[in-house]
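[1] With the input below, show me the fold.
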Amino acid sequence: MIEVTEIINPQEWKSDLNKFEFNILITSEWIESFADKDKRPVYLNFVKDNVVIGKIAGLIINYKNSNNKKLFFFSGPAFQASNKETIPLLFDGLLDFAILKKFRRLIVKSYDYKMTYMINKSTLKITNRCEYVINLLQSSEEIQNNFNRLLLRKVKLAIKSKAEFIEGDSMKILDNLISLLEETKKTRLSKGYSKYSYFYIPYLDKIVLKKIISNKITSLYYVKVNDEINCITMVLTYAKNAYAFLIGSNSNAYSMGIPYYIMYCLIKELKEKQFNYFNLGGIPTDKSGKGLILFKKSLGAQEVLATHCSTNYLTLPHKLLNPLLNLGRKLPDNTITRIIKNRF
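    Numbers count the residues shown, from 1 in each chain. You can find the predicted model right below:
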């Protein structure tokens with residue numbers, strides 16, 4: 001039997017985190033950035049026979065105009081590397097905790113959670129997605145050999161344009177990044193990618209982004225051509241692991257192959273700094289997905305299956321709406337259905 005206990009002090013909770021396999025999306029530096037009057041950080045340990053066998057951190061989210069709360073996690077639980085078979089038990093324990101504490105719903109996303117798992121309890125609805133990861137523990141020669149011709153052609157074009165790759169200050173260049181993110185959004189919307197949002201992670205906005213930067217878990221790089229910043233990328237970095245976070249480019253950057261060039265240089269930079277991996281993240285479900293897969297694979301990224309899960313309503317009277325929620329999962333993914341789902 002697994003017991004789930006809440007640890008109030010984040011410093012106490014993280015004191016033994018390095019004993020487990022974990023990622024940046026459950027660190028206190030990430031979670032605390034989202035705290036406000038409607039979102040409270042929560043830190044949990046999974047205990048069996050008086051031994052901590054797993055850990056997770058996320059948010060308790062208040063539903064507006066009610067006393068109901070949702071239990072939300074950006075990524076799955078940390079686990080013992082030598083004991084991966086406990087992962088389904090950790091999720092079972094998390095579900096039991098959510099029911100015991102009368103949360104309306106439980107949601108566990110899978111950002112940088114490079115794991116798949118099967119769960120016995122049908123209450124948890126399982127969904128698989130893909131992320132694209134570059135193994136930086138390979139030799140430099142192996143990494144170079146994984147670059148495809150498209151990438152190398154774009155890199156040559158950028159070099160010919162006299163592009164400069166520069167590491168910058170995340171806070172000082174934040175406004176430039178937001179401006180380029182807006183330009184990227186306009187470009188993608190003009191191509192019919194109606195779902196595009198550069199703040200794609202739930203509850204992320206500019207205020208939260210400033211907190212994330214202040215917590216010193218980001219690195220920022222940009223490319224300049226003729227004194228103009230054409231492309232900026234921000235990466236989440238923690239414990240020698242890197243996760244692609246945000247990237248913005250202007251129209252000139254695309255014509256010069258700069259988005260390829262900045263990632264090419266960044267991979268080499270992270271390798272030199274002895275990072276373990278660089279996760280390029282997932283892809284959207286719209287028609288832009290195929291192009292992004294091509295882009296990420298051109299960099300030598302390998303497709304990795306990741307699993308996330310959620311529940312229907314766990315408490316009455318909302319449980320009576322579960323048949324409608326099940327129906328909603330079968331509806332087309334468009335603006336109207338997304339608005340309805342976000343309300344619940």
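
[2] which residues of this structure score low on pLDDT?
    Within the chain, the set of residues satisfying pLDDT under 70 comprises 194, 328-344.

[3] now the strand or helix carrying residue 44, how far from the chain's geometric center?
    Per DSSP states H and E: residue 44 is located in strand 39-48. Offset of strand 39-48 from its chain centre (CA atoms, centre = their mean, to the nearest Å): 19 Å.

[4] For the very next helix or strand once past that strand, which helices and strands make contact with it?
    On the C-terminal side of strand 39-48, the closest following helix or strand by DSSP H and E is strand 51-62. With contacts taken as 3 or more CB pairs under 8 Å, 6 or more residues apart in numbering; DSSP states H and E, strand 51-62 sits against helix 10-14, helix 28-31, strand 39-48, strand 69-73, strand 78-79, helix 87-100. Placement of C-beta: from N, CA and C, glycine included.

[5] Out of the ones you listed, which is closest to residue 159?
    Nearest of the helices and strands packed on strand 51-62 to residue 159, taken as CB to CB: helix 28-31 at 35.2 Å.

[6] can you give me phi and psi for the nearest residue to residue 321 once chain neighbours are set aside?
    Spatial nearest neighbour of residue 321, chain neighbours left out: residue 313 (6.1 Å); criterion: CB to CB, 6 or more residues apart in numbering. With angles defined as degrees, to the nearest 10, residue 313 sits at phi -70, psi 140.

[7] Give me the neighbour count for residue 7.
    Other residues lying near residue 7 total 17 when counted by other CB atoms under 10 Å.

[8] ok so, going back, nearest to residue 157, out of the helices and strands packed on strand 51-62?
    Between those, helix 28-31 lies closest to residue 157; by CB to CB that is 35.8 Å.

[9] which secondary structure elements does the closest one contact?
    Using 3+ CB pairs under 8 Å, 6+ apart, helix 28-31 is in contact with helix 10-14, strand 39-48, strand 51-62.

[10] for the longest one, the distance to its chain's centre please.
    Spelled out, that is strand 51-62. On CA atoms, centre = their mean, the centre of strand 51-62 falls 17 Å from the chain's centre.

[11] Stretch 164-174 now?
    With CA atoms, centre = their mean, you get 21 Å for stretch 164-174.

[12] export that stretch as PDB, just CAs?
    The C-alpha coordinates for stretch 164-174 follow below in PDB (Å, rounded to 0.1, in the frame of the first residue of the first chain):
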ATOM      1  CA  GLU A 164      26.100  35.500 -35.300                       C
ATOM      2  CA  PHE A 165      25.100  33.100 -32.500                       C
ATOM      3  CA  ILE A 166      25.100  34.800 -29.100                       C
ATOM      4  CA  GLU A 167      24.100  33.900 -25.500                       C
ATOM      5  CA  GLY A 168      22.000  36.600 -23.900                       C
ATOM      6  CA  ASP A 169      20.400  37.600 -20.700                       C
ATOM      7  CA  SER A 170      16.900  36.200 -20.400                       C
ATOM      8  CA  MET A 171      15.400  39.100 -18.600                       C
ATOM      9  CA  LYS A 172      17.100  41.900 -20.600                       C
ATOM     10  CA  ILE A 173      16.000  40.400 -23.900                       C
ATOM     11  CA  LEU A 174      12.600  39.300 -22.800                       C
END
